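>>> Mind looking at a prediction? Sequence and model below.
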Amino acid sequence: MELTDAVERYAVYLTAERGFSANTVRSYRSDLDLLVAFADERAATTVDDLDLELLREWLWVCSQSGLSKATLARRSASVRGLTAWLARTQQAPTDAATRLKAPKGDHRLPRVLSREQMADILHRVAVRAESGDPIDVRNAAIIELLYASALRVSELTGLDLGDVDLSRLNVRVLGKGSKERVVPFGVPARDALRRYLDEARPVLTTTAVGSSAVFVGARGSRVASRTVYDLVSGLLSTVPGEGPSGPHTLRHTAATHLLDGGADLRSVQEMLGHASLGTTQLYTHVSTARLKEAYALAHPRS
């Protein structure tokens with residue numbers, strides 16, 4: 001089988017049988033397309049041409065281009081997933097990447113905003129919404145819900161009207177691996193959502209009757225993830241601190257604030273939709289780091 005065909009079939013498998021999101025499959029495809037191009041330069045064009053030596057050489061070349069350890073680890077995981085699937089489905093005689101190793105990813109703590117910084121952002125979007133502009137009212141509801149429920153951006157943009165229960169203060173979301181969960185939110189988010197649904201959304205959907213999406217754009221169609229990224233990035237651009245400035249920063253912030261406030265790790269894991277508790281434990285490190293900073297600044301014998 002040609003490598004290009006194998007990558008195409010693997011992408012279909014990830015989508016149809018594993019339920020991976022479009023963004024995740026796109027990342028896998030990007031990594032594997034680079035491998036295919038590299039292999040082609042070495043006259044390795046079929047599945048049978050893949051071997052451990054070729055894969056190690058590919059990762060070594062990638063490492064020499066200055067890629068981070070996290071990126072190298074992701075590329076290694078992408079190819080290991082492909083070769084394991086090929087062997088399991090008997091489309092390749094062996095799993096060529098069984099012994100393929102990559103450097104462990106950089107364990108950098110995520111960017112987390114302080115309570116004061118988050119309060120300032122929420123205040124800013126609320127002030128803009130006072131103008132009554134439908135987009136500003138929508139944006140206030142988006143930011144309130146992202147922070148209140150720690151949703152992924154894909155989960156937020158994928159919400160339909162039937163997924164929101166204002167009376168019970170929760171939303172039903174479809175997370176990674178098509179796993180459904182119910183996530184709570186608070187009264188401020190409810191109020192922002194209610195105003196958006198009652199006042200702004202009907203104006204935005206006048207030309208798109210029948211749309212089921214909760215959050216829509218200026219033309220009434222489902223809001224794009226890029227729009228949410230731009231919104232959050234613009235708000236964070238004036239906030240001191242280094243690190244990512246996308247919607248995931250609000251997710252990190254919400255999770256950390258929950259733990260700071262006394263929420264137990266298992267509850268936060270369930271709320272975030274993490275398959276592994278180890279993923280959620282990252283936020284305990286953030287909380288510990290913040291505690292140490294506060295101690296160093298405040299304690300007279302620090």
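Good, I have the coordinates. Residues are numbered from 1 along each chain as shown.
>>> I figured residue 194 was touching residue 165, is that so?
No: contact criterion CB atoms under 8 Å: residue 194 and residue 165 do not qualify, at 11.9 Å. Backbone N, C-alpha and C define where each C-beta goes, glycine included.
>>> Run a quick neighbour tally on residue 241.
12 (other CB atoms under 10 Å).
>>> which residue packs closest to it, ignoring adjacent ones?
The shortest distance from residue 241 to any non-neighbouring residue, by CB to CB, 6 or more residues apart in numbering, is to residue 111 (6.3 Å).
>>> Please apply the same query to residue 246.
Closest to residue 246 by CB to CB, 6+ apart is residue 229, at 5.2 Å.
>>> Give me the nearest residue to the one residue sitting closest to the centre of the chain, chain neighbours excluded.
In the chain, the residue lying closest to the centroid (CA atoms, centre = their mean) is residue 152, at 5.1 Å. Distances taken as CB to CB, 6+ apart put residue 251 closest to residue 152, at 6.6 Å, once the chain neighbours are dropped.
>>> Tell me, how many residues neighbour that neighbour?
Neighbourhood size, residue 251 [other CB under 10 Å]: 21.
>>> Same question for residue 60.
10.
>>> again with the one 5 residues further on
Each residue near residue 65 was counted by other CB under 10 Å, and the total is 8.
>>> gap between the residue nearest to the centre of the chain and residue 60?
33 Å (CB to CB, to the nearest Å).
>>> Please apply the same query to residue 133.
For residue 133 relative to residue 60 (CB to CB), the value is 53 Å.
>>> what do you get for residue 74?
16 Å.
>>> Residue 12 now?
30 Å.
>>> What's the local residue count around the residue nearest to residue 143 when sequence neighbours are not counted?
Distances taken as CB to CB, 6+ apart place residue 125 nearest to residue 143, at 4.9 Å, with adjacent residues excluded. Neighbourhood size, residue 125 [other CB under 10 Å]: 20.
>>> now residue 125: how far from residue 14?
36 Å.
>>> Give me the domain ranges for this structure.
The record's domain parsing of the chain by automatic domain parsing lists 3-88, 115-297.
>>> model confidence over stretch 86-104, on average?
Average pLDDT, stretch 86-104: 85.
>>> which is the next helix or strand following the helix or strand where residue 12 lies?
Using DSSP states H and E, residue 12 sits within helix 3-16. As assigned by DSSP H and E, the chain's next helix or strand after helix 3-16 is helix 22-41.
>>> what's that next one packed up against?
When contacts are defined as 3 or more CB pairs under 8 Å, 6 or more residues apart in numbering; DSSP states H and E, helix 22-41 packs onto helix 3-16, helix 52-64, helix 69-88.
>>> Which of those comes out lowest on mean pLDDT?
Among those, helix 52-64 scores lowest, with a mean of 86.
>>> I'd like to know which elements that helix is packed against.
Going by 3+ CB pairs under 8 Å, 6+ apart, helix 52-64 lies up against helix 22-41, helix 69-88.
>>> Count the neighbours of residue 39 for me.
Neighbours around residue 39, by other CB under 10 Å: 19.
>>> if we can go back for a sec, how about the domains of the chain, which one is nearest residue 99?
domain 3-88 (6.0 Å; CB to CB).
>>> Quick one: the strands in the stretch 101-250 of the chain, in order.
With DSSP state E, counting those that start in this stretch as the criterion, the stretch 101-250 of the chain has strands at 164-165, 170-174, 180-184.
>>> Please work out which of the ones you listed is packed deepest.
Burial of the strands of the stretch 101-250 of the chain is given as mean neighbour count (mean count of other CB atoms under 10 Å); strand 170-174 ranks first at a mean of 19.
>>> partners of that strand in the sheet?
strand 164-165 (antiparallel), strand 180-184 (antiparallel) (DSSP bridges).
>>> Show me what stretch 14-32 is in contact with.
If you take CB atoms under 8 Å, 6 or more residues apart in numbering as the criterion, stretch 14-32 is touched by 7, 10-11, 74-75, 78-79, 81-82, 154, 176-178, 225.
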